[in-house]
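J.: Only the shape, not the letters, is given here:
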Ligand code: HBI
Ligand code: FE
């Protein structure tokens, strides 16, 4: 199941590939201030929590400006590094459009920025989630290859009706993935990197499970889109992640046929468990509802 309703209407201002002009000069100073506030909050938090490729990418793209970055400026550096460019879109786009952009090394980034009263959470990815969270990782050649391979896999998966499995792979890597390093676990998932509270929770809180990444395990595991994850998957290296996409997913899908989904907080006998979570956070949130 993808994140979004199957049919969303293309805004008339968007081109056939759903891209729009960023119109960088039209952002207000208040909108630039929202970026600056979010940027400072995250860069105060992330050293020691974000993985090195992310921190290096942040520097390489010189996102340390005081406001919303101009895609034209980012793209000069990004294209030189890994052949990726950032393109502006109105918001979530249909899966087929999304995958086609990724397969061609174009990252579709929301053109809008959240309102000051949405600093801590918003459902739809805005420019801060997309550009601060996702784009710095695209400066890493291995991760850049992974994202393109993911897009190509997505186009194939759609053809086979396997999108729901692939969406879980995206969710537990690109959005909420953790990386094992000699200094300990570090974050590479954009959904965590762009969230102040989850940047701390994902690495330090005893509540969630943290398990070694396993492709079939991930593809069977449900996820939540409305709160912190209850399970995080840890890859031993970004190269190991890329190697996953070099496998024949068709054979994987066949093995998955008929296998039941795995609940978001389950621990299975075959799991390599790094943290056996208490689920205290989720249970408390459950009790509040
Ligand atoms: N569109 N702009 C945008 N950004 C996303 O992250 C995105 C999307 N459309 C679909 C989608 N993600 C998910 O369904 C992925 O799992 C494919
Ligand atoms: Fe995202």
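T.: Nice, I can see it. This structure is a prediction, so every number in the text was calculated from the model and none was measured. Residues are numbered from 1 along each chain as shown. Ligands and ions are numbered 1, 2, ... in the order given.
J.: which element follows the host helix or strand of residue 57 toward the C-terminus?
T.: Using DSSP states H and E, residue 57 falls within helix 52-60. Moving toward the C-terminus from helix 52-60, the next helix or strand (DSSP H and E) is helix 71-82.
J.: List of residues touching stretch 28-45?
T.: 58, 63-64, 66-69, 113-116, 119, 127-128, 132, 193-194, 196, 199-200 (CB atoms under 8 Å, 6 or more residues apart in numbering). Placement of C-beta: from N, CA and C, glycine included.
J.: Which among those count as buried?
T.: In those, burial by neighbour count holds for 58, 63, 67-69, 113-114, 127-128, 132, 193-194, 199, counting by 16 or more other CB atoms under 10 Å.
J.: can you list these in CSV and add pLDDT?
T.: Putting the buried ones among the contacts of stretch 28-45 into CSV (pLDDT from 0 to 100) gives the following:
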residue, pLDDT
58, 96
63, 87
67, 95
68, 97
69, 97
113, 98
114, 97
127, 98
128, 97
132, 98
193, 98
194, 97
199, 98
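J.: quick one: which of these is nearest ligand 1?
T.: residue 127 (10.7 Å; CB to the nearest ligand atom).
J.: right, and the helix or strand after the lowest-mean-pLDDT helix or strand in the chain?
T.: In the chain, no helix or strand scores lower on mean pLDDT, DSSP states H and E than helix 249-256, which sits at a mean of 92. Counting by DSSP H and E, the next helix or strand C-terminal to helix 249-256 is strand 273-275.
J.: where's residue 103 relative to residue 214, distance?
T.: 25 Å (CB to CB, to the nearest Å).
J.: Same question for residue 101.
T.: Counting by CB to CB, the gap from residue 101 to residue 214 is 28 Å.
J.: Between the two, which is the more surrounded one?
T.: residue 101 (20 against 16; other CB atoms under 10 Å).
J.: right, and that one touches residue 17 too?
T.: Yes: counting by CB atoms under 8 Å, residue 17 is a contact partner of residue 101 at 7.1 Å.
J.: list the buried ones in the longest helix along the chain?
T.: Longest helix in the chain by number of residues (criterion: DSSP state H): helix 141-160. For helix 141-160, the neighbour count (16+ other CB under 10 Å) marks 142-151, 153-154, 157-158 as buried.
J.: Please apply the same query to stretch 195-207.
T.: So, applying 16+ other CB under 10 Å, buried residues of stretch 195-207: 195, 198-199, 201-203, 205, 207.
J.: And stretch 48-57, by the same measure?
T.: 49-51, 53-55, 57.
J.: What of stretch 7-25?
T.: In stretch 7-25, counting by 16+ other CB under 10 Å, buried: 14, 18-19, 22.
J.: Need the max-distance pair from the residues you listed.
T.: 18 and 22 (13.6 Å; CB to CB).
J.: circling back to that earlier point, in the least confident helix or strand of the chain, what's buried?
T.: 249, 252-253, 256.
J.: Closest to ligand 1 out of those?
T.: Nearest to ligand 1 among the buried residues of helix 249-256, with distances taken as CB to the nearest ligand atom, is residue 249, at 14.6 Å.
J.: Quick check: neighbours shared by residue 101 and residue 17?
T.: Contacts common to residue 101 and residue 17, judged by CB under 8 Å, 6+ apart, are residue 87.
J.: So which bits of the protein are right by ligand 2?
T.: Residues of the chain lying close to ligand 2 by CB under 5 Å from the ion are 125, 190.
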